[in-house]
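**Student:** Sharing a sequence plus its predicted fold:
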Amino acid sequence: MKNKYFLSVMLFGSILGNAQETELKTDSLKEVVVTSSRIDLPFKENSRTIQIVTAEDIKKLGITNVADALQQLAGVDVRRQGVNGMQADLYIRGGGFDQTLLLIDGIKVDDPQTGHHTMNLALPIEVIKRIEVIKGPAARIFGQNAFTGAINIVTNDNLENSIIAKIQGGSFGQFIAEVTGAVNLEDSNHVVHFSKQSSDGYRKNTDFDNTNYVLRSKFNKSKLPINLISAFSERKFGAQNFYGVTKDFALPYEVTQASLIGLSTEVKRGNFTFKPRVYWRRNQDEYIFIRTNPSVYRNLHITNKIAGEFNGSYESKIGITGFGLEFSKYMIQSNNLGDAEREIATLFLEHRFELFDKIVDITPGVAVSYFSDFDNRAFPGIDLGVKLSDRIRLYSNVGYTYRVPTYTDLNYSDLETQGNPNLEAERAFAQELGFKYHANKVDFNVAFFNRNTENFIDYRRATPDDLWRPVNIDVETKGFESSLKYNFSLGKIKNQLNLGYTYIDDNINTDLISKNGINSLRHQVVFNYDIKLFKGFSQNISYRYAERTSRISYNVYDLNTTFRTKNIEINMLIQNIFNTEYVEAGMVPMPKGNVLFGMKYLFK
């Protein structure tokens, strides 16, 4: 394993030398503007650790969902409980699944019941333009749920007039059918998507039946553009061992329904840019302990979030000022968690100074939040960047983060678990130091990070006879990560190589027995190699190595083969080629040898 630790460093040295000799004519990331913050900046000018997953990157992998795409990123731990992202939790740099914020076109789709529902609204990949992954302390930019980072899914709002039909089938009775249509009119454009995904399951009680609808529209394009995003996702799935050891007689079954409606616009007046936004997010979660006899035990939770934001920026001689005001109202109705409401209001302010002919940039900022049921908090932070050349940037950032408990943490109860209404909110002070190298053929990044968390919420007990209870503990997390993307040609054959490595060390100050353990990725290696042997034909090989703090480790290899013509795309995806036995979350073994065949046709 020691050779793997230094693989990224050695590869970077050799590739960097080669990159000085020849360069591609185009640079796909050079013009990308990261839009998830109030101050819009080109990707390479940001003084934070940000990774971009483009639609082209996703297409090369041949995958069917966002969870599998994020698996390829260093520092991101996606813990799935089955094929097709069923069910998947997001962890960034050793945090908890409640500490990662998911956004869709800048809309925060967090759920007050539990972070397990974060991925319920992860959009189908056919409507995604790119995914922005922002790592490190992000509370001063996004608010209290961006404890360890944030992931923003940017939708594609300007496709050509077309209809894309896709059908896939494979192991475990998997069947996927999708239709995506795009219409461009004189003063509006629209993207409509419908998909159906189902499987018989790869082991007892792991079948699923998913339905997705998405509408993305832009109206009044020539004057004041109005953006509409509307999405609905229903997931029905067997949940064997999803939430701990399941009794032999039990057949847990879960049905979730997640919906989103959002409206936004952008107004430019002189040096001012205003970005108002309103949205409504609803989630319904029904859990049945024995699917053939729902009367034995059944939970039903309904949550709603209604929010409005007024964000903006102002450009002056001394830099760019970003500002924003956000109000969110959360509501929950539950036969287990009770009925409750929570209001959060947050004021954001930051300013980017550029000094010494734009060689140095400094961005201090603060978010001040009012919580109706917890103490009010301020989240100050600062980013610092030094441009050593057009290709090289050093950067550092420090900041405070904060997260109030979910209603599951506070109130959930069953025969083995008891919530804790006396929980304190989590808070942390995080620091990061990084280096970026950006050229036409090469992107390289390395970052060292440290996070001191007070009141981290984990489920623990003192003896085997006690109930599991969420308690506050202190955790110190430190580590580093590196990532490399390299495009090159061997003769006429185009290749792309992606390589990443993460090391995380957690120091926990309690002797209590943990239910699941923080179980961070102590060592993580991700490798992805894409090769185009001849016109229309490409192959992608993916490799992941994971060693958790529990010392459990595994290696997983995937292979995707794709043939493309002008209107037709045919692919074969094989996941876990060598039938590795491994677990990503809880006690749920992942499937072996998952094969998926697919065909996509483009009508114009």
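**Tutor:** Here it is on my side, so go on.
**Student:** who's in contact with the residue lying closest to Y554 once chain neighbours are set aside?
**Tutor:** Among residues not flanking Y554 along the chain, Y582 sits closest, at 3.7 Å (Cβ to Cβ, 6 or more residues apart in numbering). Any C-beta I mention is one placed from the backbone N, CA and C, and that applies to glycine too. By Cβ atoms under 8 Å, 6 or more residues apart in numbering, the contact set of Y582 is A546, Y554, V556, P589, M590.
**Student:** and those, which two are the farthest apart?
**Tutor:** Maximum pairwise distance among the contacts of Y582 (Cβ to Cβ): 14.5 Å, between A546 and P589.
**Student:** who has more neighbours, these two?
**Tutor:** Higher neighbour count among A546 and P589: A546, with 20 against 15, using other Cβ atoms under 10 Å.
**Student:** before we move on, the earlier item: now the residue nearest to Y554: phi and psi?
**Tutor:** phi -160, psi 160 (degrees, to the nearest 10).
**Student:** Helices of the stretch 301-450 of the chain, start to end?
**Tutor:** For the stretch 301-450 of the chain, the helices defined by DSSP state H, counting those that start in this stretch occupy 407-411.
**Student:** In stretch 355-366, which residues are buried?
**Tutor:** Residues of stretch 355-366 classed as buried: D361, I362, T363, G365, V366 (neighbour count, 16 or more other Cβ atoms under 10 Å).
**Student:** typo on my end, stretch 514-523
**Tutor:** In stretch 514-523, counting by 16+ other Cβ under 10 Å, buried: S514, K515, N516, I518, N519, S520, L521, R522, H523.
**Student:** same deal with stretch 179-199?
**Tutor:** Applying 16+ other Cβ under 10 Å to stretch 179-199 flags 180-182, 188-193, 195, 197-199 as buried.
**Student:** What of stretch 169-181?
**Tutor:** Of all the residues in stretch 169-181, those buried under the rule 16+ other Cβ under 10 Å are G170, S171, F172, Q174, I176, E178, T180, G181.
**Student:** ok, T64 touching A177?
**Tutor:** No. In this structure T64 lies outside contact range of A177 using Cβ atoms under 8 Å: 11.6 Å.
**Student:** what residues are shared contacts of those two?
**Tutor:** With contacts defined as Cβ under 8 Å, 6+ apart, the residues adjacent to both T64 and A177 are Q168.
**Student:** And the strands in the stretch 101-250 of the chain?
**Tutor:** With strands called from DSSP state E, counting those that start in this stretch, the stretch 101-250 of the chain shows them at 107-108, 128-135, 149-155, 162-170, 174-184, 188-199, 208-219, 226-238.
**Student:** what's the closest of these to H301?
**Tutor:** Taking Cβ to Cβ, strand 226-238 is the member of the strands of the stretch 101-250 of the chain nearest to H301, at 14.3 Å.
**Student:** so what secondary structure elements neighbour the closest one?
**Tutor:** Applying 3 or more Cβ pairs under 8 Å, 6 or more residues apart in numbering; DSSP states H and E, one finds that strand 226-238 contacts strand 208-219, strand 253-265.
**Student:** Reformat these as TSV; add mean pLDDT.
**Tutor:** What follows is the helices and strands packed on strand 226-238, written out as TSV (pLDDT from 0 to 100):
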stretch	mean pLDDT
strand 208-219	96
strand 253-265	97
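**Student:** Would you mind giving these as CSV with mean neighbour count added?
**Tutor:** CSV is the format used below for the helices and strands packed on strand 226-238 (neighbours: other Cβ atoms under 10 Å):
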stretch, mean neighbour count
strand 208-219, 19
strand 253-265, 19
